[in-house]
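Participant: sharing a model prediction with you, sequence too.
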Amino acid sequence: MSDSSSDRSTAPAPVLEVWCDLQCPDCRTALDDLRALRARYGERLEVRLRHFPLEKNKHAFAAAQAAEEAWEQGRGWPYVEALLGRVEELGRRGEPFLVELARELDLDAEEFDTALIDGRHILFVDADQAEGKAIGVTGTPTYVIGGERLDGGKSQEGLRERIEGIADRLLAGQQEH
């Protein structure tokens, strides 16, 4: 039997939403910050990737769908990190590269290929993009935490520190209750 009083005191982790275009060099640059944040906070901060494929990056929409397939197969972050690490290759090779990368990571590459053909993740990516536009996202990466929007598309200098400051404040607020 669980102690229900302790269940109530466990507040959900603060959420850091990262609006990302998976063909964007600036998002690749943000990868080190995301790794550092995930390492520092672990389960205490939920880092949630949100899709915001930009029209100028012709493979970004397919990449977002592929990332969703990776999440379905239980390997979302490893796939996203590998993909962002090779944005130039994605730019050169397009959708076949998305499937090949899945194979390299021991994911079901045939299922990736099918998902890109049947478009099963399109509505999810469209919904993310629409929500991003609704809250004022214009470029990537853009971070949202604690109701604050931080635009990393122009400069990422000092952004990790600002995110950590907000996360620390939110976590401290949880402990006071």
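Facilitator: Sure thing, it's come through.
Participant: spatially central residue for this protein, please.
Facilitator: The geometric centre of the chain, computed from its C-alpha atoms, lies nearest to residue 49 (CA atoms, centre = their mean), at 1.9 Å.
Participant: run through who's touching the strand or helix carrying that one.
Facilitator: Counting by DSSP states H and E, the element that carries residue 49 is strand 46-51. Applying CB atoms under 8 Å, 6 or more residues apart in numbering, the external contacts of strand 46-51 come out as 12-22, 34, 37-38, 64, 67-68, 76, 80, 124-125, 128-129, 131-132. C-beta coordinates here come from the backbone N, C-alpha and C atoms, glycine included.
Participant: can you do 7 Å?
Facilitator: With CB atoms under 7 Å, 6 or more residues apart in numbering as the test, strand 46-51 has contacts from 13, 15-20, 34, 37-38, 64, 80, 125, 128-129, 132.
Participant: and stretch 103-123, by the same measure?
Facilitator: 62, 65-66, 68-70, 73, 75, 78-79, 82, 95, 98-99, 102.
Participant: cool, stretch 161-177 as well?
Facilitator: Contacts of stretch 161-177 (CB under 7 Å, 6+ apart): 11, 14, 16, 37, 41, 44-45, 143, 145-146, 148, 150.
Participant: among these, who's most crowded?
Facilitator: Most neighbours among the contacts of stretch 161-177, by other CB atoms under 10 Å: residue 143, with 27 neighbours.
Participant: how about that residue: what's its closest non-neighbour residue?
Facilitator: Nearest residue to residue 143, sequence neighbours excluded (CB to CB, 6 or more residues apart in numbering): residue 150, at 4.4 Å.
Participant: element containing the one you found, please.
Facilitator: Using DSSP H and E, the element containing residue 150 is strand 148-151.
Participant: quick check: mean pLDDT of the following helix or strand past that strand?
Facilitator: Next helix or strand after strand 148-151 toward the C-terminus (DSSP H and E): helix 159-176. The average pLDDT for helix 159-176 rounds to 88.
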